[in-house]
Structure formats: structure tokens, C-alpha cells
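> give me the fold of what follows.
(chains A and B)
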Amino acid sequence: MIPTAALELQQVSFSYVEGTPVLRDIGFSVASGEVVALVGRNGAGKSTLLRLLNGLLRPADGRVLIDGADISERKVSDIARVIGTVFQAPEQQIFNVSVRAELAFGPSQLPLSSEEREARVEEAMRRCGLGGCLDQHPLDLDQATRRFVAIGSVLATQPRILLLDEAQRGLDRDRRELLLRIVNQERAAGNAVILVCHDMEFVAAVADRVLGLADGRLLVDAQVGTFFADAAAARSVSVEQPQITALAQALGLATALKPGDLVDQFSPGRGSGGAAKDT
Amino acid sequence: MALISVEHLVFAYESDGPAILDGLSFEIEAGERLAILGGNGSGKSTLAQWIAGWLPRGTHKAAAGSVLVQGRPWSEVPVRERTELVQFVGQLPMQQLSGFAFTVWDEVVFGPGNLALPAEEVRRRAEEVIAICHLDHLRDRDPFSLSGGEQQRLSIAAALAMKPQALVLDEPTGNFDPESRDALLTQMAGLPRDLTTIWCDVALLPPMALATRFLLLDEGRIVLDGDAATLLAHPRTREIFGLPAVAEAALQLREQGLLPAEGPLPATLEQALPLFGGLAVEGHR
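Model prediction:
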């Protein structure tokens, strides 16, 4: 039996101004435990699409389904119990006076025991590396730490679908690895993650699948290795291949998504071609 | 005399708080293309604001040291003169739009219009920076209706219209797609040669396309002051940022003895191709 998609869009269209659609006839589904990257140039409609998923915007046409049920009549606060959103700027969603209060706000809105709420805060703090700043004002923290406060506040509600809008932006290596770990934990827990991302190195490292938007249409829906191996597909949605993929291609080697994929093809005992993992 | 002199600067936001900048000293000469790179919380945005004269403010004081602009501390430079010395473009362009302008044109003329310049000079400057920043087709648009990338270009145009001697940019390409990033890099490369640019970032590759001198900031201290090759070879660069993928692959092949241990690491595809191409031909093709 094919499992019900965690999330499904059917022929979704949307316009901010009547007659000039931002999104046209978008259809795709995302399964539980799947990590999907939404890519395309600035203004392609990626952030708008996220807002259609979390109910902040409603489609002009078409339907958004969670677990097979249409969400058009559901309140944003109900949808938020299933879909958690980390917006581009943490300042857009942080409003409490301490990191602890920010992490506790989501669970406080849910029917949970105080012990369970406490445990949720503790877990979000640990996963996001916020142990050292629980009593600080979030806006006194540097940008990257604020981002993890926003991520932690969403994780504390334990959404089954996590939306990340450019969450990797401005992160150094340690923080990128922390974000990568969080996304991998979500996948392992059977939750779906949809990330809007301009950074193709990060997409190559984290995503299972890529959805490419251009001019409001879904032009590409492919597994990540297939997508990046096809330079024309990447160009059609105005993104660059990861550096290492382009290098492997120029050298006539098998698809590489990470430096190790290329290095393996030169290592003793490994011939060129066919050595790299393609997904 | 250096345009900017940072002298033994120690700074904390709170008097009993940790030092964000911990004893920095360096000079920036007029016309330099400098990048200040560092990890999250390394102090680069704070340093950028010091260089631009935005810090200290209010109750902030340097615990020690100072920043001099053309030999004078910022506190001795009149406001009007400040605006013509150093301009700052922050991470969120939306936050620095004047709010007084209903069009891109009005936003660009807002700054020079407040310098009591002849109207013709204001118009001439606006036309010039609109051309440099490729904003001509947007001149009648509401600044708040622009995309993030367009707003960033507008912020830079408005800063350039003040004819500063130096421009400080804090993570200017963070949210750009490749096309917008390349447009900004082209725009930056076309800036007047005598304009000093100070580009602060947590990403390596965009500033490497422009800067010729790199400061690596680590826990409030400068651990490197050198060129791109020196930066890539520094062990903290790999730890803080991760190397560009082609440099990481080259380093791993060096560690396996498959590439010579000498010579600069490649940062771009163009630099990597001859290096790896030779290896492919010799060993495995």
C-alpha cells in the first residue's frame, strides 16, 4: 500500500494582485521522513509557497492537503500544530524576553502537563545548543544564535512537518553542521522537512529531493543526485550546480555531491566512474 | 596617513560582559579592498560598526584603545563629515531604507539632499549611482515593494550617493541567488578604484571574488592578515568556515599523497580544473 503523503498540493495557484499569478498550477507531495529543498531565483515564489503550506496564505485555486485532508477551512493555529515554520529573519517570530520563555511559548499553547512542557524546552535547548543563553534576551544574541532560538521554539512544538526558510544563511561550519544534524534527526524521526535554500552546497548535503520553481511554475521535481547531475535542469531554475558536481562533470567522472565523492574516485584501488553515490 | 586605524581596541557591550573585540590593531589604507571574515559570534559585525563609526554609542565605551579615521577619533568628526567618510550597509537592507521615500529615486536623493548640495549635484549623483547599481528600470518603484536583492542594491546606491571614501558591507550576498550575487560582484568590481571597501562575511567565496586582503577574526582577535592563498592555507579557515568544496577535495587528496603538498589550494572551478585534470589524466583515465 502506498503510504498517505504527509503533505500534498493539488493544482495550487496564487496571486497577490489579481491577474498576475505568483504561483501557477503547483502540484507535488512530500512523504513522512522526506527532506525536500525548494529552489529557484529571488522572487520565484518559494517563500509564498511556504506561506500557502502553513496557512498564512490561502490558494486562489487548488488544494493543500495534510494527511489527505484539505486544510482550507482550518485555522492557522491548528495547522501550526502539524506544520512548524522557521522564517527567514528570526526577528519575525521571536517576541519573548528570554530564550527560555521563547522556547516555552509553543508548548504552553498545547494541552501538555507541566513536566512535558519542561521536557520539551529542555530538549529544544539541547538540540539547538542554547544551554548557555537561556536567561538572555534573544535580541541580545548574535544573528546565528537567534536563528537557533527560532528553530528551537518551533521544534519545541514537535511539528510533523518542518518548514525552513533560508535557515542556513550566515551560519559558520559548526552551526551548519548543527542545522544538518537537526534536519537529519527530523528525517530519522519520520518527520518531513521542506527547506527553501539558495545554498546548493547545503542542499546537496541535506536534501533527498529538489523542487525547482521558475516563473511561478514547478519546473523540476527530482532526486537530489539526478537534479544536480543535469546542469540544464539546474540552470532552468536559476541555480548553480555544487562546485564539486561541476568539477566531477568537467573531468568526466561519476556524479559527486560532496568532496569525498570526488576524492574516492581518485583513491588507490578505485577506478574513475561509477564510484560516487548518486543520491 | 591610514584612512582607518584600529588601535588596541577592546570592546564589550556590557561593562562586566565578555570582550567581543579583544585587543585589535590594524590599519586600512585608502583604496584597499579588504574582507573581514569570521565565524558566528567572532565579533565581525561589531568591528564593522566600529569602523563605520556606529559604535560606540549611548552607554557603550571602548574598554581600551580606539578607532581613528584619518588620524582622528570618530567622536571628534562632525556628523556631516562622517557621512562622507564611511558608509555602512548592514545585513537587513529593509532596516536602513529611510522610510521617507516612495520611490527608488527619492530614496537615492534622500541622503545627498540632506547635505545642502546644489540640486544639480544631487541629481547628478543620483543618476550616477543608479547606473552603477543597475536600478534604472526600478527608479519609480516603491522601495518596500522590491525583492531583497533589489533592496540590497538600493541600499548600496544610497550609500554611494553620499560619495564616501569607504564602504562597509556586512554579509551583502547572504540571501542572493547566483544571478543577484554575480550582479552585485560586477557592480562592486565597477566601483571607483579609490573607494575603500570593507566586506564582512561568514562565507568565503563571495568576498574572495573582490577582496585582495583578508583579516580572519577568531574570538575577537585577528589570527590572520594576508591574501587569499594564505587564508585558504590557514588551519582555522577550514575549521571555521569549511573550505570551498574544490579546496577541500584537493586537501584530502594531498593528505593521501595524491596531490603535491605545495602550492595554493584552488578556490574556484577554474582554478581546480588544471590541478585535478592532470591527476585524472595521469592516474585514472
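> check what pLDDT residue 271 gets.
You didn't say which chain, so I picked chain A. In this model, A:G271 is scored at 49, pLDDT.
> that answer is for a different chain, and I need it for chain B
On the pLDDT scale, B:Q271 gets 94.
> A:V36 belongs to a strand?
Yes. Judged by DSSP: H, G, I helix; E, B strand; the rest coil, A:V36 forms part of a strand.
> ok, now how distant is it from B:G148?
A:V36 sits 22 Å away from B:G148, going by C-beta to C-beta, to the nearest Å. Any C-beta I mention is one placed from the backbone N, CA and C, and that applies to glycine too.
> list the contacts of the most centrally placed residue in chain B.
Against the mean C-alpha coordinate of chain B, by C-alpha atoms, centre = their mean, the closest residue is B:W199 at 1.2 Å. B:W199 makes contact with B:33-36, B:169, B:172, B:206-207, B:210-211 under the criterion C-beta atoms under 8 Å, 6 or more residues apart in numbering or on different chains.
> what residues are up against B:P164?
Contacts of B:P164 (C-beta under 8 Å, 6+ apart): B:83-87, B:195.
> can you give me the neighbour number for residue 57?
You didn't say which chain, so I picked chain A. Residues within reach of A:L57, counting by other C-beta atoms under 10 Å in any protein chain shown, total 17.
> correction: the question concerned chain B.
B:R57: 9 neighbours (other C-beta under 10 Å).
> now A:A156, nearest residue through space, not along the chain?
A:A124 (4.1 Å; C-beta to C-beta, 6 or more residues apart in numbering or on different chains).
> residue ranges for the strands of the stretch 101-250 of chain A, please.
A:161-165, A:192-196, A:209-214, A:217-223 (DSSP state E, counting those that start in this stretch).
> from B:N114, how far off is B:V108?
To B:N114, B:V108 is 12 Å away according to C-beta to C-beta.
> contacts for stretch A:14-29 next, please.
By C-beta under 8 Å, 6+ apart, stretch A:14-29 touches A:5, A:7-13, A:45, A:48-49, A:52, A:57, A:59-60, A:62, A:211, A:213, A:216-218, A:221.
> hmm, back to that, mind telling me what element the residue nearest to the centre of chain B is part of?
strand B:196-201 (DSSP states H and E).
> that strand pairs with which strands, parallel or anti?
Using DSSP bridges, strand B:196-201 pairs in its sheet with strand B:33-38 (parallel), strand B:166-170 (parallel).
> doesn't B:F26 fall inside a strand?
Yes. Under three-state DSSP, B:F26 sits within a strand.
> tally of neighbours for the closest residue to it other than its chain neighbours?
In space, and not counting its chain neighbours, B:F26 is closest to B:V6: 5.4 Å by C-beta to C-beta, 6+ apart. Counted by other C-beta under 10 Å, the residues lying close to B:V6 total 21.
> need the three-state assignment for B:V6.
Judged by three-state DSSP, the three-state class of B:V6 is strand.
> the closest residue to A:I71 other than its chain neighbours: helix or strand, and which one exactly?
Sequence neighbours aside, A:V64 is the residue nearest to A:I71 in space, at 5.3 Å (criterion: C-beta to C-beta, 6+ apart). In this assignment (DSSP H and E), A:V64 forms part of strand A:61-66.
> any buried residues in that strand, and which?
By neighbour count with 16 or more other C-beta atoms under 10 Å in any protein chain shown, strand A:61-66 contains the buried residues A:62, A:64-66.
> the nearest residue to A:A144 once chain neighbours are set aside: neighbouring residues, count only.
Among residues not flanking A:A144 along the chain, B:N40 sits closest, at 3.5 Å (C-beta to C-beta, 6+ apart). For B:N40, the count of nearby residues is 22 (other C-beta under 10 Å).
> ok, now A:D140?
For A:D140, the tally of surrounding residues (other C-beta under 10 Å) stands at 14.
> confidence score at it?
For A:D140, pLDDT reads 87.
> burial count for the nearest residue to it once chain neighbours are set aside?
Distances taken as C-beta to C-beta, 6+ apart put B:Y13 closest to A:D140, at 7.7 Å, once the chain neighbours are dropped. Residues near B:Y13, counting by other C-beta under 10 Å, number 14.
> same check on B:E27?
With other C-beta under 10 Å as criterion, B:E27 counts 13.
> take the strands of the stretch 101-250 of chain A and lay them out in JSON lines including mean neighbour count.
Below are the strands of the stretch 101-250 of chain A laid out as JSON lines (neighbours: other C-beta atoms under 10 Å in any protein chain shown):
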{"stretch": "strand A:161-165", "mean neighbour count": "24"}
{"stretch": "strand A:192-196", "mean neighbour count": "25"}
{"stretch": "strand A:209-214", "mean neighbour count": "23"}
{"stretch": "strand A:217-223", "mean neighbour count": "17"}
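> right, so of these, which gets closest to B:Q91?
Each of the strands of the stretch 101-250 of chain A has some distance to B:Q91 by C-beta to C-beta; the shortest is strand A:161-165, at 15.5 Å.
> quick revisit: do I have it right that the residue nearest to A:A144 meets A:R169?
No. Counting by C-beta atoms under 8 Å, B:N40 does not reach A:R169; the two are 11.3 Å apart.
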